[in-house]
Every structure is written in structure tokens, then in C-alpha cells.
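> the following block contains a protein sequence and its predicted model.
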Amino acid sequence: MNLVFLKQIVNLVLLSILMTVCNSCSYDRGNKPRVFHYNQPNPVTSIDPAFAKTQNNIWIVDHLYNQLVDLNDSMQVVPELATNWNILDSGRVYEFKIRDDVYFHKDKCFGGDSTRKLTSADVVFSFSRLLDPKLSAPGSWIFADKVDSKHPFESIGDTLFRIYLKAPFSPLLTMLTMQYCSVLPKEAIAYYGDLFREHEVGTGPFILKKWIDRQGIFLIKNNHYYKSGIPELEGIRVSFIEDRNTAYLEFLKHGIDFFSGVQSSFGYQILTKEGQLREEFIDKIKFYRSDYLNTEYFGINLNALDKNHALNNKLIRQALNYAVDRNSMLKTFRLGIGTEANSGFIPKGLPGFDPKLVKGYYYDPQKAKALLAEAKYDLMPLNQKEMIIYTNKDYADLVTYVVRQWQEIGVLAKIELLETATLREKMRNGSLSFFRASWVADYPDEESFMTVFYSKNPAPPNYTRFKNESFDRLYDRAIVEIDMDKRKKIFQDMDRIIIEEAPVIFLFYDQVAWFSQQNIQNLEGNALNLLKLETVNEKN
């Protein structure tokens with residue numbers, strides 16, 4: 001028999017098994033299982049927390065594992081596996097009290113269908129594993145160069161855990177909420193080895209039941225979850241429909257409970273250009289819109305420019321910022337999903353964001369023209385004033401729109417398209433002078449955005465190669481300051497420097513756009529775009 005045909009048959013059989021598992025869940029008071037079905041256009045590649053780098057992997061890991069601390073809806077750090085914590089030695093030691101009622105999912109790595117209680121030693125193992133050079137984990141940066149190299153972590157008894165830092169680093173708590181910092185048992189790594197990416201032994205609200213390659217994943221509820229009465233769902237089903245239009249049609253047919261994001265091909269069918277649900281859909285679906293910690297911008301790599309190029313003139317960079325009609329741009333290309341970037345680089349949703357105190361750029365083409373005249377832009381030779389903006393095809397329309405606005409005030413600019421991977425590599429190696437980019441927070445802290453401009457950082461995150469001594473001094477102060485009000489003011493001062501020096505063209509602060517069926521209850525959006533399903537329920 002043809003091997004390709006045989007593989008197709010096997011996949012169909014496996015998919016049938018998945019559907020059977022889905023339909024055999026325990027039932028609620030109605031006649032349907034409470035199974036939450038969502039789609040990921042990009043298939044999951046690993047459920048190992050150490051490799052939870054992309055959204056498709058992060059979401060699934062978040063269903064399966066817990067961290068020491070978590071974030072509430074207001075992006076404040078709250079207890080999870082740790083009941084409380086203390087910051088000692090002027091911010092150099094973090095001490096956590098570990099819960100004594102948390103058990104790992106039952107797994108044969110413990111021998112038979114068994115489990116055991118989580119202890120502080122598991123936290124030491126999990127965090128130490130991230131630093132193992134043999135693993136080459138994407139999440140290793142969280143602790144690299146921050147913890148004491150000789151004595152980074154310590155377990156004291158079963159319920160006390162400590163982190164020892166080289167120097168105070170105030171964003172640490174928020175960083176520990178990342179999925180990289182999930183806690184797992186050493187028995188699982190010893191038993192599964194390299195195959196651990198396909199297995200899970202966590203403590204989270206859901207347990208892996210089936211993973212069928214690129215067909216789908218099915219999770220069932222953890223009946224022994226330490227949070228009483230949670231989860232309310234019996235399971236989660238994840239499909240991998242790559243085409244977003246197909247997934248949207250499946251959602252309209254009630255084949256999927258949830259999808260995120262808006263495509264131009266169907267966006268106008270359900271949303272107005274102000275970003276509101278159209279009237280005919282109000283009683284049919286639910287729409288969730290919330291601030292997302294993502295700043296969209298054009299970056300300028302000053303190191304890649306000739307010293308006489310126009311972009312090396314701060315006045316011209318400021319003029320480009322004043323010449324962008326962000327409100328019209330959002331309505332035209334984003335269906336109103338997003339907030340005009342009229343403040344600094346710190347996005348809406350963080351305490352440091354305050355457009356009244358940190359005044360950025362607004363649309364003023366006359367002021368833009370005046371700045372160009374002051375900089376004598378018209379008198380520059382052609383090769384010094386022409387600008388080329390590099391982007392990928394997903395943003396081609398938006399970038400073209402901005403370029404036309406610049407052309408209207410006399411700026412010579414054009415775009416060139418690159419494949420996404422090529423664009424990122426050239427941004428990293430510094431061969432591009434002008435590019436479209438976005439910066440998404442790894443954790444909800446202003447430092448996650450200001451690190452983009454710290455001169456001691458490579459690319460990423462410092463794609464612009466920005467260097468400013470005053471900014472660097474403020475950054476060094478901010479990361480050791482533990483007083484939240486003082487930190488906020490320092491970050492705002494840093495943001496004012498970025499606005500003044502304009503190493504970027506500010507575009508917009510992003511927002512999450514989620515859609516669900518009407519029967520979905522207790523679903524809430526959040527600033528990190530995490531799909532939290534612990535308390536979600538389905539009304540039959």
C-alpha cells in the first residue's frame with residue numbers, strides 16, 4: 001500500500017478517536033459535554049514549558065501547568081503555587097512559601113498510574129533546567145546573568161524556596177509569571193527524555209488526553225486540581241485550521257466556540273470601522289476587546305545610515321511622526337482595533353502609560369512641514385533624503401498608507417517587501433536602516449519595553465541600536481528600584497527621551513479582539529493575550 005495513503009488513513013483514524021474522546025466526556029445538566037473548542041492557525045510544536053515561546057505553545061502550556069505566581073485581570077501579581085513571598089536583602093533574595101496541597105498529574109513516570117505532591121525541590125529543578133546549556137531553552141534569558149552563578153536557587157524543606165540574585169532586579173516577580181517558569185517534576189524528564197515535548201506532567205487545571213500531530217489536541221479536566229471547583233469545563237479541544245477564513249466560517253456554523261484576531265477578508269462583516277460589533281451580530285456572538293501590551297512602530301537603525309542621511313536628523317524623525325494620521329489608519333486597516341500611539345513607547349495597559357504626563361506625537365502635517373523646512377530637507381541630495389521602509393506582506397497596505405502621507409508633505413519614501421524570516425534576520429544583523437516592527441511584552445512591566453532602547457542590549461531587543469547616556473542611567477535606576485511609584489516616574493522620564501529623540505515612528509498600541517459563541521461564560525480578555533480557561537463555562 002502507498003505509504004502516503006496509509007498515513008492519511010492513520011490520521012483519519014486518529015482524528016476519529018479524538019472526536020470519540022471529545023464526545024465521551026462527562027455531561028453537564030444538559031445533553032452536551034462542556035468542552036471548549038478553539039482553533040490555532042499555527043500548530044503546537046511543543047508542550048514543554050521551557051519552549052513556550054510562541055502563542056500556540058504558550059496557550060496550551062498555560063492550560064497544563066502552574067507557576068509560582070500568576071497575574072490577575074488587572075495584570076497584578078497574585079499567588080499561585082506560592083502562597084506568599086518576601087523580598088529580602090534589599091532586593092537580592094526572593095523567598096516563596098510553597099503550597100503543600102498541590103499534586104502533579106498522574107503519570108507513569110512516577111510508577112504505574114501514580115502521582116506525588118509538589119515540593120520546593122521541584123521549583124529548584126525546573127528553574128535550574130532552564131539554565132542548562134544542553135537544553136538551549138528559549139526561556140533561559142529569564143535567569144541568565146541575573147541569578148548568583150554559584151548558588152542561584154535553594155530549597156529549604158518542602159515548602160520554602162529562594163532565588164538569589166547578583167543584584168536587585170525589580171521586574172523579577174512579573175517575569176516569574178511567564179510559562180517558561182512552570183513547575184515540573186524531575187521524574188518526567190528522566191522518564192521521557194527528548195520526548196518530553198510530546199508529554200506533560202504538570203499541576204494545571206487540564207490534562208493532556210490526545211495530541212494527534214497537526215490534526216488537533218484534546219485536554220480533559222484535572223479532577224484533583226488544587227483550586228476547589230475549578231475547572232468547570234470538562235475539556236478543551238484545539239484544532240489547527242491554518243486558513244483563518246475557514247476557521248471563521250466554522251465559527252459561524254457553531255463548529256468552534258472561540259477565535260481571536262480579525263482578518264480584512266471577513267472583518268467588515270462583523271465589525272464597524274470604529275471597532276464595534278455590528279448590530280446584526282450583537283445577539284449572536286460575543287465580542288471581547290481589551291488592551292494588549294504590544295507597541296507597533298517603524299524602527300530606525302541609525303548605525304546603518306550614512307552620517308549625512310536625512311534620518312540622522314532628529315527634526316526629520318520628529319516630522320515623520322507628526323505626519324501620521326493614526327486615527328484614520330486604525331479605522332482603515334485595523335477596524336478600529338487599537339489605540340493611537342500618541343504617548344511614548346510604553347503601551348496602554350501599564351501603569352507608566354499616561355498620555356497627559358507623557359505627551360507624544362499627534363497628527364499635524366503643518367508642523368511636520370515646518371520641521372522639514374527647519375532641517376532643510378528639500379536641499380539635501382536625493383541619495384540622502386530618500387527613505388526605504390522594509391516590511392512583510394501582512395503590513396504592506398498599512399505601510400503604503402503611511403508612506404503616502406509622508407509623500408504628501410514632500411518626503412521621498414518607498415517600501416520594499418521581505419519574507420518575515422528574512423526581515424527579522426536583517427533587523428537582527430543590523431543591515432536594515434528602516435523597518436516596520438512590533439514589540440510584545442513578555443511580562444507586564446514597563447522594563448519589558450524600555451529594554452528595547454538600552455544601549456548595552458544587542459538586537460533583539462535593541463533593533464534601533466539606540467544609545468543615550470541619560471536613558472541608560474535611568475534604566476539602571478529603574479531595574480533596582482522596588483518602590484512602584486518611583487519606578488513609574490523613572491520609566492516616564494525614559495519614555496520622554498524616546499519621544500524627543502524619535503528613534504521610532506510610533507504607530508499604535510494594539511488591542512486583543514476575541515469572539516465567542518453566546519453560551520460561553522466567564523471568558524475575559526487580558527493585556528498579554530492569554531487564553532485563561534480555568535473559570536470559563538458553557539451554558540447549554
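It's in.
> so residue 113 sits against residue 106, correct?
Yes. Counting by C-beta atoms under 8 Å, residue 113 does reach residue 106; the two are 5.2 Å apart. No exception for glycine: its C-beta is placed from N, CA and C like everyone else's.
> and the two? Which one has more around it.
Neighbour totals were compared for residue 113 and residue 106, and residue 106 leads with 16 against 8 (other C-beta atoms under 10 Å).
> contacts only, for the nearest residue to the more buried one once chain neighbours are set aside.
In space, residue 106 comes closest to residue 115 once its chain neighbours are excluded; the distance is 4.7 Å by C-beta to C-beta, 6 or more residues apart in numbering. By C-beta atoms under 8 Å, 6 or more residues apart in numbering, the residues touching residue 115 are 103, 104, 105, 106, 107, 224.
> of these, closest to residue 190?
Distance to residue 190, by C-beta to C-beta, is smallest for residue 107 among the contacts of residue 115, at 11.9 Å.
> roughly how far apart are the residue lying closest to the closest one once chain neighbours are set aside and residue 45?
Take residue 107 and drop its neighbours on the chain: the residue closest to it by C-beta to C-beta, 6+ apart is residue 201, 4.7 Å away. Using C-beta to C-beta, to the nearest Å, residue 201 is found at 19 Å from residue 45.
> next one: residue 57
Applying C-beta to C-beta to residue 57 and residue 45 gives a distance of 6 Å.
> can you tell me which two in the contacts of residue 115 are farthest apart?
Those two in the contacts of residue 115 that are separated most widely, counting by C-beta to C-beta, are 107 and 224, at 12.6 Å.
> which of these two has more residues huddled nearby?
Neighbour tally, residue 107 and residue 224, criterion other C-beta under 10 Å: the higher count belongs to residue 107, 23 against 13.
> low-confidence ranges in the protein?
The model of the chain has pLDDT under 70 over residues 1-33, 540.
> let's see that with 80 instead.
1-33, 264, 540 (pLDDT under 80).
> show me the domain layout of it.
Recorded structural domains for the chain (assignment: automatic domain parsing) are 45-198, 292-512.
> now do the same end-to-end measure for the shortest one.
Domain 45-198 has its terminal residues 9 Å apart, counting by C-alpha to C-alpha, to the nearest Å.
> need phi/psi at the closest residue to residue 344 other than its chain neighbours.
Residue nearest to residue 344 in three dimensions, not counting chain neighbours: residue 495, with 3.2 Å by C-beta to C-beta, 6+ apart. Taking degrees, to the nearest 10, you get phi -60, psi -40 for the backbone angles of residue 495.
> can you check residue 513 too?
Per degrees, to the nearest 10, the backbone of residue 513 is at phi -120, psi 110.
> just give me the neighbour total for it.
25.
> alpha carbons only: can I get the strand or helix carrying residue 424 in CSV?
Using DSSP states H and E, residue 424 falls within helix 420-429. C-alpha atoms of helix 420-429 as CSV (Å, rounded to 0.1, in the frame of the first residue of the first chain):
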residue,chain,number,x,y,z
THR,A,420,9.0,37.6,7.6
ALA,A,421,12.0,35.4,8.5
THR,A,422,14.3,37.5,6.3
LEU,A,423,13.0,40.7,7.7
ARG,A,424,13.7,39.6,11.3
GLU,A,425,17.2,38.3,10.5
LYS,A,426,18.1,41.6,8.8
MET,A,427,16.7,43.6,11.7
ARG,A,428,18.9,41.4,14.0
ASN,A,429,22.1,41.7,12.0
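> show me the contact partners of it.
Contact partners of helix 420-429, identified using C-beta under 8 Å, 6+ apart, comprise 299, 301, 390-392, 394, 418, 432, 435, 437, 459-460, 463.
> list just the nearest of those to residue 325.
If you rank those by distance to residue 325 using C-beta to C-beta, residue 391 comes first, at 18.4 Å.
> would you agree the closest one is in contact with residue 419?
No. At 10.9 Å, residue 391 does not count as touching residue 419 under the criterion of C-beta under 8 Å.
> with neighbour numbers in mind, choose between residue 201 and residue 45.
Shown here are residue 201 and residue 45; by other C-beta under 10 Å, residue 201 has more neighbours (24 against 12).
> separation between that one and residue 49?
Computed with C-beta to C-beta, the distance linking residue 201 and residue 49 is 11 Å.
> any residues in contact with both of these two?
Shared contacts of residue 201 and residue 49, defined by C-beta under 8 Å, 6+ apart, comprise residue 184.
> I'd guess residue 173 is in a helix, am I close?
Yes. Applying DSSP: H, G, I helix; E, B strand; the rest coil, one finds residue 173 inside a helix.
> how about it: what's its closest non-neighbour residue?
In space, residue 173 comes closest to residue 77 once its chain neighbours are excluded; the distance is 5.0 Å by C-beta to C-beta, 6+ apart.
> now the one you found: how far from residue 69?
In this view, residue 77 and residue 69 are 5 Å apart by C-beta to C-beta.
> shared neighbours, these two?
Shared contacts of residue 77 and residue 69 (C-beta under 8 Å, 6+ apart): 173, 177.
> contacting residues around residue 275?
So residue 275 contacts 289, 330, 334, 335, 336, 337, 338, 511, 513 (C-beta under 8 Å, 6+ apart).
> tell me which entries of those residues lie within helices.
Counting by DSSP state H, those place residue 330 in helices.
> between the contacts of residue 275, which is nearest residue 191?
Among the contacts of residue 275, residue 513 lies closest to residue 191 (C-beta to C-beta), at 41.1 Å.
> quick check: bridge partners of the closest one?
residue 289 (DSSP bridges).
> residues touching it, list them.
Residue 513 makes contact with 260, 261, 262, 271, 275, 287, 288, 289, 337 under the criterion C-beta under 8 Å, 6+ apart.
> kindly reformat these as TSV and extend each row with distance to residue 425.
Converted to TSV, the contacts of residue 513 look like this (distance: C-beta to C-beta, whole Å):
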residue	distance to residue 425
260	27
261	25
262	28
271	34
275	34
287	37
288	35
289	33
337	29
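> so which of those residues are in strands?
260, 287, 288, 289 (DSSP state E).
> what about the third one, how many residues nearby?
It stands for residue 288. Residue 288: 17 neighbours (other C-beta under 10 Å).
> that one against residue 512, yeah?
Yes. Between residue 288 and residue 512 there is a contact at 6.9 Å, judged by C-beta under 8 Å.
> any common contacting residues for these two?
Here residue 288 and residue 512 have residue 525 as joint contacts, going by C-beta under 8 Å, 6+ apart.
> among the contacts of helix 420-429, which ones are buried?
299, 301, 390, 391, 392, 418, 432, 435, 437, 459, 463 (16 or more other C-beta atoms under 10 Å).
> just the C-alphas of stretch 392-404, formatted as PDB.
The C-alpha trace of stretch 392-404 is given here as PDB (Å, rounded to 0.1, in the frame of the first residue of the first chain):
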ATOM      1  CA  ASN A 392       6.400  41.900   5.200                       C
ATOM      2  CA  LYS A 393       3.300  41.500   3.100                       C
ATOM      3  CA  ASP A 394       1.000  41.400   6.100                       C
ATOM      4  CA  TYR A 395       1.600  45.100   6.700                       C
ATOM      5  CA  ALA A 396       2.100  46.200   3.200                       C
ATOM      6  CA  ASP A 397      -1.200  48.100   3.000                       C
ATOM      7  CA  LEU A 398      -0.700  49.900   6.300                       C
ATOM      8  CA  VAL A 399       2.900  50.900   5.500                       C
ATOM      9  CA  THR A 400       1.900  52.100   2.000                       C
ATOM     10  CA  TYR A 401      -0.700  54.300   3.600                       C
ATOM     11  CA  VAL A 402       1.800  55.900   5.900                       C
ATOM     12  CA  VAL A 403       4.300  56.400   3.100                       C
ATOM     13  CA  ARG A 404       1.700  58.200   1.000                       C
END
